[in-house]
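Engineer: what's the 3D shape of this:
(chains A and B)
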2 protein chains.
Amino acid sequence: MFLPNLKSLKDALKCIEDNQKVLGTEKIFLKDAHKRVLAEKIVSSHDFPPFDKSTRDGFAINSKDTLDISESNPKSFKIIDFIGAGFFSGKTLSNYEAIEISTEAPIPSGADAIIMKEDVSVNGDEVKLFSKVSSDDFIYKKGKDIKKREIILQKNTLIDFQEIGLIASAGYNEVEVYKKPKIKLFVTGSELVQPSKTLEKAKIMNSNQFTISSLIKNSGAIVEVEHIKDDFDSLVDSINQATKEFDAIITTGGTAISKKDLIFDVVNSIGKVLFRGVDIRPGKLFVCGIVNDTMVFNFSGSPVAAMTQYDIFARKYIFKMQGVDFYLNFVERELLFDFSSKLGVVDFSRFIADDDYVIKMVKHSSDATSSLIDANYMFIDKNIEKCKKGDLVKVLFFNSMTW
Amino acid sequence: MFLPNLKSLKDALKCIEDNQKVLGTEKIFLKDAHKRVLAEKIVSSHDFPPFDKSTRDGFAINSKDTLDISESNPKSFKIIDFIGAGFFSGKTLSNYEAIEISTEAPIPSGADAIIMKEDVSVNGDEVKLFSKVSSDDFIYKKGKDIKKREIILQKNTLIDFQEIGLIASAGYNEVEVYKKPKIKLFVTGSELVQPSKTLEKAKIMNSNQFTISSLIKNSGAIVEVEHIKDDFDSLVDSINQATKEFDAIITTGGTAISKKDLIFDVVNSIGKVLFRGVDIRPGKLFVCGIVNDTMVFNFSGSPVAAMTQYDIFARKYIFKMQGVDFYLNFVERELLFDFSSKLGVVDFSRFIADDDYVIKMVKHSSDATSSLIDANYMFIDKNIEKCKKGDLVKVLFFNSMTW
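Structural biologist: Numbers count the residues shown, from 1 in each chain, chains lettered A, B, ... in the order given. Just a heads-up that it's a prediction; the model follows:
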């Protein structure tokens, strides 16, 4: 594709951002909220813990009663009650009284410390102590973790393992979350067929529908896949129809300039092309447009280029539809070999990197699906032509991008 | 809990490994296989690409016909056919003939190079070239990415974005995968109630069911949650019944020694306790047993301890049920403060770390649900008492453990 005016990566991202849509919200049960995004801030209804509680199985006592106690001067306390977790005692300790208590149970009135079961001896309704204790021993104070009315999570937070537990602790059984984006994935290309052990001449197995739909699902969205013909009129109909039912459209294939590559023309005729071509490699052949107020991303047919386009452009857009800002989280690694890049092109080639080094290249063609296995991106900015062994380079780990 | 003989972490892991079960397999459609685990190796049915193909829109020619061509000595070729992607030409090029071709289309017989559309001028059925080309220009050779009969993925590989595309390229529309483990999660504790804005005295919001069930789902398994009473007989019935319907059982709470903490006794009476207590912190109060040939993990009631127990023990077991080896993937980071650990205990405390440093502690109580946000584990082995600012320490990033 000959494109005299490639959009810069920065301008392309800005252009998409300027056309960003954010979805509406819905209330769902917390049990269904893992990997959804908060559309409200979470304010604790309670102190957490909600009361001073015991962190051990043992006896609640008043530490002042233990000041003189030692191994050689033990003292007996009268056991006046038992408190299991989930229960409380209505009694108040008087001098030299104790209440047996379970882990998680509330500290009774008159007590300020717990002594562990294994540090005492029990005889009927008496417990003998052999050491003094300090105030607050094995007590987890009310509100120590979370204070009542404290904002514990902000709006637009992705709800993962940790967050879902916190939200429960704060007393929410339902939460307001952003709706899941519904994405239509159109796979174009007369050459593409469904995977099969036999392959007709000139046909190629359709792998994009699997990779890109998995990426979409991993971004919190719902995807519907359709393979459509490379035909202007049916593309017009399909894209028009999809804009009514979906929040965004992704197509693969049809970004090159060819008699049989039509998607640019379709978007151009029924909507507005925002830009065509970006100064990145792989993934230069990226078309972005708006049809009926709906974003249409046209990815390359090449699987590696399409995945790169997803990672750089579509992921950010789909995250943000749900209120989440996504940034490419670059880290620095030392290069173990010399590498030449192309001036004027932002390079997102695939390399094998670990916690310290960029170790080696993978196969380089943007058609090499196999180059994606175990790889990550190395980012070389467009003003850099040569990287030398020992240089620090920017790496983008695939697993730093997951939802 | 007083436990004179804590199992070492290493022995505890070995003991679980010795009782590992691996599930059976099933055939599913590839479109449903994202995040499932291969139970067969993937062998390519085809070369990929399946034929020499064009990587540009342009003209297929024979490079020998272009040897004398230059800007000042252009030459015209006769266009004898057009090949769109997905189609092929039955014609063979003779001298000074060209066939127009799309990206992804197969190279016709007699051609060995592609010249890009933007480098030629077309006039009717003639195309004029202004430069010579080399053999293989813009041709992606048959089998360059994957060879026919090449093993491209081994059994027991987790199918992620990259793998699912590769499997499609190899011609598989269905794959044999391990079954998803069905896990029963019993949450015990009379003190626990469902999240609500009002809270009865002595009650605590049940957050474990949300955190642990999310962790289980994130390990490729299916989870069913049930809150059960702290009652010996009903625990016996519930656990017995669950062993018939589920592949493993996880319980939270009931690992301490207390009148109201019964799960150890239940497992001990109807099955075999493998060990009780491990030399880690948090998470020491971990009981592991077998009932009716089904693994039962008894986690602490404390949310942070339970999550740590999941990450260290249960995750590995659930991954392996599906054929995947899971290792704690420690990386080294520089400590920015002094830190004291406890001799004899393997420390998995929560710290905030980045790509270079362990920056600071989080709240330390194993009850502090809030301590999990943005945190990762720092691992301090049991023979280490003090870590100093500047030391390299082992860190386990939460996101290195995801499925």
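Engineer: and the next element down the chain from the helix or strand of chain A at the bottom of the mean pLDDT ranking?
Structural biologist: Least confident helix or strand of chain A, by mean pLDDT, DSSP states H and E, is strand A:204-205 with a mean of 84. Remark: after strand A:204-205, the chain's next helix or strand is helix A:208-217, criterion DSSP states H and E.
Engineer: Can you show me the CA trace of stretch A:69-82 as PDB?
Structural biologist: Extracted C-alpha coordinates of stretch A:69-82, given in PDB (Å, rounded to 0.1, in the frame of the first residue of the first chain):
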ATOM      1  CA  ILE A  69       2.100 -13.000  87.000                       C
ATOM      2  CA  SER A  70       5.200 -15.000  86.200                       C
ATOM      3  CA  GLU A  71       6.100 -18.600  85.700                       C
ATOM      4  CA  SER A  72       6.800 -18.800  89.400                       C
ATOM      5  CA  ASN A  73       3.800 -16.800  90.300                       C
ATOM      6  CA  PRO A  74       0.900 -18.100  88.200                       C
ATOM      7  CA  LYS A  75      -2.600 -16.900  88.800                       C
ATOM      8  CA  SER A  76      -6.100 -18.500  88.200                       C
ATOM      9  CA  PHE A  77      -9.000 -16.700  86.500                       C
ATOM     10  CA  LYS A  78     -12.600 -17.700  86.600                       C
ATOM     11  CA  ILE A  79     -14.000 -18.600  83.200                       C
ATOM     12  CA  ILE A  80     -17.400 -16.900  83.100                       C
ATOM     13  CA  ASP A  81     -18.500 -17.400  79.400                       C
ATOM     14  CA  PHE A  82     -17.500 -18.600  76.000                       C
END
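Engineer: Which residues outside it are in contact with it?
Structural biologist: Here stretch A:69-82 makes contact (Cβ atoms under 8 Å, 6 or more residues apart in numbering or on different chains) with A:59, A:61, A:65-66, A:68, A:89, A:91, A:93, A:96-101, A:108, A:122-123, A:125-132, B:259. The way it works is simple: take the backbone N, C-alpha and C, and place the C-beta from them, glycine included.
Engineer: Which ones among the residues you listed map onto strands?
Structural biologist: A:59, A:61, A:97-101, A:122-123, A:126-129 (DSSP state E).
Engineer: Now the two most distant members of those residues.
Structural biologist: A:I101 and A:N123 (18.1 Å; Cβ to Cβ).
Engineer: Give me the more crowded residue out of these two.
Structural biologist: A:I101 (31 against 9; other Cβ atoms under 10 Å in any protein chain shown).
Engineer: now check the least confident helix or strand of chain A, is it near chain B?
Structural biologist: Yes: judged by Cβ under 8 Å from any Cβ of the partner chain, strand A:204-205 comes into contact with chain B through A:I204, A:M205.
Engineer: just checking, what packs against that strand?
Structural biologist: Judged by 3 or more Cβ pairs under 8 Å, 6 or more residues apart in numbering or on different chains; DSSP states H and E, strand A:204-205 is in contact with strand A:192-193.
Engineer: let's see it at 10 Å
Structural biologist: If you count contacts as 3 or more Cβ pairs under 10 Å, 6 or more residues apart in numbering or on different chains; DSSP states H and E, strand A:204-205 packs onto strand A:192-193, helix B:161-169.
Engineer: tally of neighbours for the closest residue to A:F210 other than its chain neighbours?
Structural biologist: Spatial nearest neighbour of A:F210, chain neighbours left out: B:I164 (4.3 Å); criterion: Cβ to Cβ, 6 or more residues apart in numbering or on different chains. As a burial measure, B:I164 scores 26 neighbours (other Cβ under 10 Å).
Engineer: so B:I164 touches B:I28, yeah?
Structural biologist: No: the pair B:I164 / B:I28 is not scored as a contact, 12.0 Å apart, by Cβ atoms under 10 Å.
Engineer: Identify the contacts common to those two.
Structural biologist: B:R36, B:V175 (Cβ atoms under 10 Å, 6 or more residues apart in numbering or on different chains).
Engineer: related to what we said a few turns ago, okay, the helices and strands packed on strand A:204-205 in CSV with mean pLDDT and distance to A:V331 next?
Structural biologist: Shown next, in CSV, are those (pLDDT from 0 to 100; distance: least, Cβ to Cβ, whole Å):
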stretch, mean pLDDT, distance to A:V331
strand A:192-193, 88, 36
helix B:161-169, 92, 20
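Engineer: Chain neighbours aside, what residue packs nearest to A:R36?
Structural biologist: Nearest to A:R36 is A:V177, by Cβ to Cβ, 6+ apart, at 4.1 Å.
Engineer: so where does that neighbour fall, helix or strand?
Structural biologist: Under the assignment here (DSSP H and E), A:V177 is part of strand A:174-178.
Engineer: between that strand and helix A:161-169, what angle do the directions make?
Structural biologist: 140 degrees (axes from the mean of the first three to the mean of the last three Cα atoms, to 10 degrees).
Engineer: which secondary structure elements does the longest helix along chain A contact?
Structural biologist: Counting residues, the longest helix found in chain A (DSSP state H) is helix A:232-245. Secondary-structure packing of helix A:232-245 (3+ Cβ pairs under 10 Å, 6+ apart): strand A:182-188, strand A:222-228, strand A:248-252, helix A:263-270, strand A:287-291, strand A:294-299.
Engineer: picking that back up, quick check: buried residues in the strand holding A:V177?
Structural biologist: A:V175, A:E176, A:V177, A:Y178 (16 or more other Cβ atoms under 10 Å in any protein chain shown).
Engineer: Tell me which residues are up against that strand.
Structural biologist: So strand A:174-178 is contacted by A:22-33, A:35-42, A:153, A:155-156, A:159, A:163-164, A:167, A:220, A:321-324, B:195 (Cβ under 10 Å, 6+ apart).
Engineer: Show only the entries of the residues you listed found in helices.
Structural biologist: A:E163, A:I164, A:I167, A:M321.
Engineer: For the residue lying closest to A:F77 once chain neighbours are set aside, give its distance to chain B.
Structural biologist: The spatial neighbour of A:F77 that comes closest, neighbours along the chain excluded (Cβ to Cβ, 6+ apart), is A:A98 at 3.9 Å. Computed as Cβ to the nearest Cβ, to the nearest Å, the A:A98 to chain B distance reads 15 Å.
Engineer: dump the residue contacts of A:A98.
Structural biologist: A:58-62, A:65, A:76-81, A:108, A:111, A:114-115, A:120, A:122, A:125-127, A:129.
Engineer: now those: which count as buried?
Structural biologist: By 16+ other Cβ under 10 Å, the contacts of A:A98 give A:58-62, A:65, A:77, A:79-81, A:108, A:111, A:114-115, A:120, A:127, A:129 as buried.
Engineer: Low-confidence regions, chain A specifically.
Structural biologist: A:1-4, A:255-261, A:363-369 (pLDDT under 70).
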